[in-house]
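Enquirer: A structural model of the following input is requested.
(3 chains)
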Amino acid sequence: MKSVSEVLPYMTYGGDYNPEQWSEDVWLEDARLMKKAGVNLVSVGIFSWGVLERNEGEFDFQWLDKVLDILHDHGVGVSLATATASTPAWLSKKYPDSIAIDKHGVPYSFGSRQHYSPTSPDYIRLVKILVRKLAERYKNHPALKMWHINNEYACHLSECYSANTEKAFRQWLKDRYETIEVLNEKWGTNFWSQRYNDFDEIMLLNNPPTFANPGQELDYKRFMDEAYLQLYITEKEILREVTPEVPVFTNFMFNFKPLNYFKWAKELDVVTWDSYPDPREGIPVSHAMNHDIMRSLKQGQPFLLMEQVTSQVNWMDINVIKPPGVMRTLSYSTVGRGGDGILFFQWRQGRAGAEKFHGAMVPHSNDENSRVYKEVVQLGQELKQLETVVGARTDAKVAILFDWENWWAVELGCKPHNKLKYIDRVKLYYQEFFEQNIAVDFRQASDDLSGYQFVVAPMLYMVKEGDKENLEKFVTNGGTLLVTYFSGIADENDRIYLGGYPGPLRKLLGIYVEEFDPYPEGKSNTLRYNGQSAPCYIWSDIIHLEGAEQIASFGENWYKEKPAVTKHAYGKGHAYYIGTEPDRAFLTPFIEQITTELHIQAPLKAPPRVEVLQRNTAEHNHIFIINHNDADVTISLQENVEYEELITGERVSKQLKVNAVDVAILKY
Amino acid sequence: MKSVSEVLPYMTYGGDYNPEQWSEDVWLEDARLMKKAGVNLVSVGIFSWGVLERNEGEFDFQWLDKVLDILHDHGVGVSLATATASTPAWLSKKYPDSIAIDKHGVPYSFGSRQHYSPTSPDYIRLVKILVRKLAERYKNHPALKMWHINNEYACHLSECYSANTEKAFRQWLKDRYETIEVLNEKWGTNFWSQRYNDFDEIMLLNNPPTFANPGQELDYKRFMDEAYLQLYITEKEILREVTPEVPVFTNFMFNFKPLNYFKWAKELDVVTWDSYPDPREGIPVSHAMNHDIMRSLKQGQPFLLMEQVTSQVNWMDINVIKPPGVMRTLSYSTVGRGGDGILFFQWRQGRAGAEKFHGAMVPHSNDENSRVYKEVVQLGQELKQLETVVGARTDAKVAILFDWENWWAVELGCKPHNKLKYIDRVKLYYQEFFEQNIAVDFRQASDDLSGYQFVVAPMLYMVKEGDKENLEKFVTNGGTLLVTYFSGIADENDRIYLGGYPGPLRKLLGIYVEEFDPYPEGKSNTLRYNGQSAPCYIWSDIIHLEGAEQIASFGENWYKEKPAVTKHAYGKGHAYYIGTEPDRAFLTPFIEQITTELHIQAPLKAPPRVEVLQRNTAEHNHIFIINHNDADVTISLQENVEYEELITGERVSKQLKVNAVDVAILKY
Amino acid sequence: MKSVSEVLPYMTYGGDYNPEQWSEDVWLEDARLMKKAGVNLVSVGIFSWGVLERNEGEFDFQWLDKVLDILHDHGVGVSLATATASTPAWLSKKYPDSIAIDKHGVPYSFGSRQHYSPTSPDYIRLVKILVRKLAERYKNHPALKMWHINNEYACHLSECYSANTEKAFRQWLKDRYETIEVLNEKWGTNFWSQRYNDFDEIMLLNNPPTFANPGQELDYKRFMDEAYLQLYITEKEILREVTPEVPVFTNFMFNFKPLNYFKWAKELDVVTWDSYPDPREGIPVSHAMNHDIMRSLKQGQPFLLMEQVTSQVNWMDINVIKPPGVMRTLSYSTVGRGGDGILFFQWRQGRAGAEKFHGAMVPHSNDENSRVYKEVVQLGQELKQLETVVGARTDAKVAILFDWENWWAVELGCKPHNKLKYIDRVKLYYQEFFEQNIAVDFRQASDDLSGYQFVVAPMLYMVKEGDKENLEKFVTNGGTLLVTYFSGIADENDRIYLGGYPGPLRKLLGIYVEEFDPYPEGKSNTLRYNGQSAPCYIWSDIIHLEGAEQIASFGENWYKEKPAVTKHAYGKGHAYYIGTEPDRAFLTPFIEQITTELHIQAPLKAPPRVEVLQRNTAEHNHIFIINHNDADVTISLQENVEYEELITGERVSKQLKVNAVDVAILKY
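Expert: Got it, this is the predicted structure:
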């Protein structure tokens, strides 16, 4: 198989293209406008099953042949979809069992999208036929660059309660636990008389009268994740067989809880994802975090931004537009964080259907002088200057532990505090590095952490087999670890580690947490440290020192003066613990002090709201400076280095002015 | 057939009467109290199916015979209901398919009301039998004045997802589109693989995983509307056959979206409706708007207020009472806007059932000295003085375009801004005329507009075939048109007009709208005009002038100084466009300037919170002055006109004092 | 049968014990720690069906034998559960009809708890077998003290819509009304065409299109309540037969609307309940109210607190902890209000399952030095000093009327004001006595009230047959009655008393209420009395005096100066009426004046936030002084009385200092 950078040895630029919604004369106009905009890749066929297989076994590829020929003629490559993301009407009608079932036992309706059940044998059988047909037909077409498998798996439907799903879940459990006795033990079914004699007694939890067995809830999430992954692998295996050289992938989503993308990424030749920041949030820190997660999924291999919108989407309550220039700065932030391509949903704004008000590269007006199309053309032309960036890597010394199974477990309910979102705990720490322009990778607790100096583990509630040893090794070898409250609590079946919190991390952190004190809403406490104080929120741990030293204490409540933040010398390294949700008045200098001590720093110093990102290859370093301010900024450059600014081609040194809402990319 | 004013040649007064809930001795007491109150019409039998047909084919009319005889003996006419608004228990039990199905696939329960499915063949068959029986029995009864068909169609249930409904929907689509290819084109089914091979593949959209096909959603609303209308027509045809002279109608509701009343009104001999303003809103402008809509449905023909409450209802969260006098002032406002009758739900307050706390003309206490009954008696006696008003018309020079299909389309979802209620956009403009006491009719864009000088089209998102030409003709001939943002966007299948907004209205308005900018919640912008400024809300259009002149510009954001309000000279008239939601600080003088230029004015000048309404016949003009203030007001009358005040019978001229919460009706 | 105080002639102390979740070595550790903590009773087997009957007819009692032996050897008695609160997996699988059905027609899922349908014949049959087996096996075991039947009946599921339930409901109605004509009359089915020909036509109201028949809604609540009660009685009868000497009970819940505990209590040998105040509310007045209700259910017989938590629960949104000392003060408040035992859910904090974060007597850490376990040990040891309190009674001169059927009726909907919670109306008045430390019993309107001087009837909407006469008798004989707005409105079928509110109470109260004026949210009115004024909320009655005198009038609105609070001399007593929701600025002195006139007072004077409670036996009086303040307080004692403080054993007189968050118990 060819690597993606062999197939696409340039900054990829383009979008989703749905020619089946338009007549042939529009196809030619499209090709002309694509060329003008510098488009070199479009995704075709994502929702085309209904027009490719017009009835069971009746295939019609002629239109697609023509589309691919036109695109190829205009120098536009194709990321060809397998078209399995939504089943056609004839299929839903003929095979009612192919339709997913909701919590109320009601089948989903045809007339929207993604209503299929991932465990339906008929769906899987018909997918296999379609994918093989497509692969056979286009395996030699010169426009074919990559295979886009299905689309945004589990986007609307990540749970199904059909009889087929129940059957598959039971089988999955049998495969996992082998005997029902093991399952009973792992799920703790002696609680509330939940003991099973047989796997066939297990029911889906669509309608529990109250809190359900958390072990089962967790395993159902694992199962659904794997059911979708199995669909992907089924398609992938056929494509590999027919077109062994063509890279395959599917597109991921933002803060997407149902699918364990670390697991998925192993099966993708390139990570791609769809990013739709809401302009209402200002600088989209959480999208930056997702870029960094996406880059981390394949250990730093560049990703493609498969979808973003030129200006405004259609599916929020209020769909705010991106002002002039913002689409461009966000695109460069994406590239700076490891993106080797910028694509849009979609090429041409639709005339009918649920997404007709979703922005596109070409608006309803087809107006070549429209702001939107002009920005599209500008960016497409600029990206051509970035060839040396393709394939370049980010060198991060900081890692944040991020774990999908922990995410599922920590939000299951029946916790001391049930309004805590894991992603917000992670983002709190991410934001510190984001604002310091310090590169961050995301890792799981079981990953090799030896390349990092500083590892942050926010709310690592679930500690899986081997994690304890891995984290101890990291610190023993000189690493700095920071763990936060409600960590080290449960095993991979959400069973408590008995004998005192934080269970397996107790020795490493040198503390014993006796109690959890979640605060009523609107209440806070105070951190006291070095004669200073700052608010803290949400939760206090009642901490006893067992070798650690106290860095900060609580200022209020009956456990006043007891430790709130601790530091434990362990091996050659240190393990910090923060037993509360600190205000940034504490957290920012605290993190800064650690990074300073570890000599971890930004590529260049910059004022607030200026991103500075670095991507290196063996030959070149590239620094991206993205000014999100409404005013110009001036950046001091490294002494004695001469840079090339890639967009303008100018040589710069010493210092550089970057205009408001503008970008500079320095190569050296 | 006799016209309603032939049948009821006086101000109609009365209410819903449910004698089956009471014993015969109460009937006689009722008749006595009705006479005392001046009641001349009561609605009988609305929910009487269960006591009229006690089991399939077992009819019992004796009690109704007696009731009608007693009423007739006391001079009270009867609007006889067909009793089909709620099916009896035996029917629901015997014909389970007669019960409607909800979105979850669950049948509605018997034990409430209106649980029938409008597409049930059994329901329709049994309705036909009952209606014919009733008509045959009472066709010659002297008390019979009108037929009240069913009741508040679609009040609780406007959607059904039964198998019969699915079947009927498919047939309706077949009738509408003839071939599946046409349907595919109109619904844009190449989007999201929604293409159909056959009408039988179409499923109801009770449970889409995400946004559904908007073309289908829109057609489902059309279909359900017509399914109910067909029920009405089925009854009407039988009644016409048996009693060709007796007017028929059903009663309409407030701000009622599911039914296209313009279509329905064609099938009614008189428009009637049920008005329940919440006293919490103060002066019920939106109910005034509905009065004007009701009057407009049959081109100015007077309507009957079929239901209102004497003091408080039972179905709101908090059921606030009307203070002394308010029921009376609201009743006169109704008459002033075209009402030829005032009726209440209900005559006698119920003892049991869900509506027992709903106010009535006779309260639980049966107390003839109660405030409520005394107000009922006063109004009933007063209305006898208004005979010359019966049949009088309102002469409006202003029309607001109002369209049910546009309402359905604009609120379908997946729009740039998804929190916009069409009715609120209409009300914003209506309120200007309301407060100026300028009469307004409501019209559809396809209607003959030649009688109007000023037509306002708020958010005319859907422009149907012929609308463009009709509006252009209106302006060409000298009319003044005002169109607001998000107009001219989609055709009757909710497909976009390509080539630049506002599509078919672009030439008439002389503008091109390039982008929509919906504001985040809590944000606003500024209108700048004539050196003044005023806030604007919700949305900006990015407007290019194409012949129009700029009246106001935006004061903020990157499109600052671009046009916000425009005016286009076209033919002999002018077409205005407002590309935002203006504050009334701008809107009130803006509308006033236009009406002043067009010499459109109120019947008399009046201080705030005083309604002035006019109804004319060939012989007489009547001016209604309704003082909603807690203080007396003095109104200057027209010079040299001598008026008769109808309630007191006094002659007045020059000026008139109207007491707080009081009314004067001037005939001249 | 032995009485509970014979079986448990000491302060009972312990908790729920779930040994099946732990290995045998933990059982021995448990017994050791129980002994250390003074535990003398544990509840065993509540959710053990699945491990007691491992498959239909396959019983395994060996583990339970061993547990009971160990407990007995360590001096710990057992309240043995019948284990029927949650059905095992094999049962749910084998008998699908045993599963309850929700409003959407969807069966509940196995994998949580209490998913059984109370009307399932299979469930009932298998319950009978299990209960008899358990009773036979353990009837002679020396550890067996009491039978804990099922658990928290109807906790999650208080409604079922299965076919069996529908059938049972029809039968229940037939038994109640005998003929369908009676039912039609009682439910008022001539309203909305709801008439029935036959009981078999009645459907469950799981999915009414709008408001349902309130008579049916009320009877369905009665039926479900009785269906659960019948389950309880079924078990009780078997246990009585096999172990006639062993007391039986089930555990009640807080503010629990679905079950009429007055009716249930007749079938219990001792009332027990589970109290989980949310620390966010501060002093848990509403839990104190529930203690007093529980004590009242069996006419003053002491109750057991069957469950509370040591520190924090797991099922709230945020599970706030009890600070040091608070568990103890709340426990003594419980005892002071009539509790003869303090038990916890649960003994040992669980490792797995939905309740693993629910606090326990022994935490996850098993740490004997933990705050929680140490507080447990302290309380257990202290309670041993309270032997003379066991069986002692509370002597109340005040009763508040509290009625479950009234609760159901008043919250059915379609009322003048639909945001009124009955329990809040009751609590408003309870709070006055709570803060004055005046003992209050709870009674129904039909109960013998002759022992009370002052009876308060908050919102006695439903007046049942005989209630009027009973209340008149109470006042005639010299009692003081206080009735509040919206009383005397409906009969036991929720049908209005015609002829003027408050219907049957009109004569006794000497007033006629003409209208109800519920206020819009955020609005209030004013009470004027004795030259003073205070706000009032929610509602005004428009009152005419018919013998009563005016105590306060309304200060605003069109009924200004009309009566708001009245007093009627009747027989030897007085009947007050409050026609609004008064602010406490009025209510506190108003109630104080009445209690002063009646010489009703607290056992001792105390500053705010200090509870003073009294329990007497023939031999001793005991006064509980519970200081909820964060500061010490000093209490003046009765002159010339010498007391023994039970916890310290010290003699005290004249005055007593009680520390912050501390308790004193004075015997004399």
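
Enquirer: which residues touch whichever residue of the stretch 101-250 of chain A sits closest to chain C?
Expert: Per Cβ to the nearest Cβ, residue A:188 is where the stretch 101-250 of chain A lies closest to chain C, at 2.4 Å. C-beta: built from backbone N, CA, C; applies to glycine. Counting by Cβ atoms under 8 Å, 6 or more residues apart in numbering or on different chains, residue A:188 touches A:213, A:215, A:493, A:495, C:21, C:350-353.

Enquirer: residue A:618: neighbouring residues, count only.
Expert: Residue A:618: 7 surrounding residues under other Cβ atoms under 10 Å in any protein chain shown.

Enquirer: state the three-state secondary structure for it.
Expert: Classification of residue A:618 by DSSP: H, G, I helix; E, B strand; the rest coil places it in coil.

Enquirer: coming back round to it: can you report phi and psi for the residue of the stretch 101-250 of chain A closest to chain C?
Expert: phi 60, psi 50 (degrees, to the nearest 10).

Enquirer: and for residue A:622?
Expert: Dihedral angles (degrees, to the nearest 10) for residue A:622: phi -130, psi 130.

Enquirer: again, but for residue A:345
Expert: phi -100, psi 120.

Enquirer: give me the pLDDT for it.
Expert: pLDDT recorded at residue A:345 is 98.

Enquirer: list the contacts of it.
Expert: With Cβ under 8 Å, 6+ apart, residue A:345 has these contacts: A:15-16, A:274, A:307-309, A:358, A:360.

Enquirer: now do the buried residues in stretch A:564-572.
Expert: Residues A:564-568, A:570 are the ones in stretch A:564-572 that count as buried (16 or more other Cβ atoms under 10 Å in any protein chain shown).

Enquirer: what do you get for stretch A:89-100?
Expert: Buried, per 16+ other Cβ under 10 Å, within stretch A:89-100: A:89-93, A:95, A:98-100.

Enquirer: now do the helices in the stretch 551-668 of chain A.
Expert: Secondary structure of the stretch 551-668 of chain A (DSSP state H, counting those that start in this stretch): helices at A:584-597.

Enquirer: for residue A:468, which non-adjacent residue is closest in space?
Expert: residue A:504 (3.8 Å; Cβ to Cβ, 6 or more residues apart in numbering or on different chains).

Enquirer: and residue A:356, by the same measure?
Expert: residue A:350 is the one closest to residue A:356 (Cβ to Cβ, 6+ apart), at 4.5 Å.

Enquirer: could you do residue A:393 as well?
Expert: In space, residue A:393 is closest to residue A:300, 5.1 Å off (Cβ to Cβ, 6+ apart).

Enquirer: same deal with residue A:297?
Expert: Using Cβ to Cβ, 6+ apart, the closest residue to residue A:297 is residue A:265 (3.7 Å).

Enquirer: okay, the one you found: pLDDT?
Expert: On the pLDDT scale, residue A:265 gets 98.

Enquirer: and stretch A:88-99, anywhere near chain B?
Expert: Yes: under the criterion of Cβ under 8 Å from any Cβ of the partner chain, stretch A:88-99 makes contact with chain B via A:88-90, A:92-93.

Enquirer: closest to residue C:45 out of the contacts of residue A:345?
Expert: Minimum distance to residue C:45 across the contacts of residue A:345 is 53.2 Å, recorded for residue A:274 (Cβ to Cβ).

Enquirer: what sits against that closest one?
Expert: By Cβ under 8 Å, 6+ apart, the contact list for residue A:274 reads A:152, A:251-254, A:305-308, A:345.

Enquirer: up against chain C, what does the stretch 351-500 of chain A have?
Expert: So far as Cβ under 8 Å from any Cβ goes, the stretch 351-500 of chain A lies against chain C at A:413-419, A:493-496, A:498-500.

Enquirer: how about low-confidence regions in the stretch 101-250 of chain A?
Expert: Counting by pLDDT under 70, the stretch 101-250 of chain A contains no low-confidence range.

Enquirer: who in it is up against chain C?
Expert: A:103-105, A:187-197, A:200-216.

Enquirer: let's see 7 Å
Expert: The stretch 101-250 of chain A comes close to chain C at residues A:104-105, A:187-188, A:190-197, A:201, A:203-216, as judged by Cβ under 7 Å from any Cβ of the partner chain.

Enquirer: in helices, which of the residues you listed fall?
Expert: A:187, A:214-216 (DSSP state H).

Enquirer: turn those into JSON lines, columns for distance to chain B and neighbour count.
Expert: Formatted as JSON lines, those follow (distance: Cβ to the nearest Cβ, whole Å; neighbours: other Cβ atoms under 10 Å in any protein chain shown):
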{"residue": "A:187", "distance to chain B": "29", "neighbour count": "28"}
{"residue": "A:214", "distance to chain B": "26", "neighbour count": "26"}
{"residue": "A:215", "distance to chain B": "28", "neighbour count": "27"}
{"residue": "A:216", "distance to chain B": "24", "neighbour count": "28"}
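
Enquirer: which single residue in the stretch 101-250 of chain A comes nearest to chain B?
Expert: residue A:112 (3.4 Å).

Enquirer: what sits against that residue?
Expert: B:208-212 (Cβ atoms under 7 Å, 6 or more residues apart in numbering or on different chains).

Enquirer: Three-state assignment for it, please.
Expert: coil.

Enquirer: not counting sequence-adjacent ones, nearest residue to it?
Expert: residue B:208 (3.4 Å).

Enquirer: before we move on, what about residue A:191?
Expert: residue C:353 (3.2 Å).

Enquirer: contacts for the strand ranked longest in chain A, please.
Expert: Scanning chain A for the longest strand, with DSSP state E as the assignment, gives strand A:532-545. With contact meaning Cβ under 7 Å, 6+ apart, strand A:532-545 is reached by A:417, A:485, A:510-519, A:524-527, A:554-555, A:557, A:559, A:562-564, A:566, A:579-583, A:585-586.

Enquirer: which of the residues you listed count as buried?
Expert: For the contacts of strand A:532-545, a burial check counting by 16+ other Cβ under 10 Å picks out A:417, A:485, A:510-519, A:525-527, A:554-555, A:557, A:559, A:562-564, A:566, A:579-583, A:586.

Enquirer: how far off centre is stretch A:441-449?
Expert: 15 Å (Cα atoms, centre = their mean, to the nearest Å).

Enquirer: likewise for stretch A:32-40?
Expert: Counting by Cα atoms, centre = their mean, stretch A:32-40 comes out at 29 Å from the chain centroid.

Enquirer: hmm, it touching chain B?
Expert: No: judged by Cβ under 7 Å from any Cβ, stretch A:32-40 stays clear of chain B, getting no closer than 14.5 Å.

Enquirer: can you map out the helices along the stretch 351-500 of chain A?
Expert: A:371-383, A:404-410, A:422-436, A:467-476.

Enquirer: as TSV, the ones you listed with mean pLDDT and mean neighbour count would be great.
Expert: Formatted as TSV, the helices of the stretch 351-500 of chain A follow (pLDDT from 0 to 100; neighbours: other Cβ atoms under 10 Å in any protein chain shown):
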stretch	mean pLDDT	mean neighbour count
helix A:371-383	98	20
helix A:404-410	98	22
helix A:422-436	98	20
helix A:467-476	98	19
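
Enquirer: and the two most separated of the contacts of residue A:345?
Expert: It's A:274 and A:360 that sit farthest apart of the contacts of residue A:345, by Cβ to Cβ, at 14.4 Å.

Enquirer: which residue is most remote from the mean position of chain A?
Expert: residue A:558 (41.2 Å; Cα atoms, centre = their mean).

Enquirer: can you name the residues that contact it?
Expert: Residue A:558 touches C:323-324, counting by Cβ under 7 Å, 6+ apart.

Enquirer: burial of the closest residue to chain B within the stretch 301-450 of chain A, as a residue count?
Expert: When scored by Cβ to the nearest Cβ, the stretch 301-450 of chain A has residue A:352 as its residue closest to chain B, at 2.4 Å. As a burial measure, residue A:352 scores 24 neighbours (other Cβ under 10 Å).
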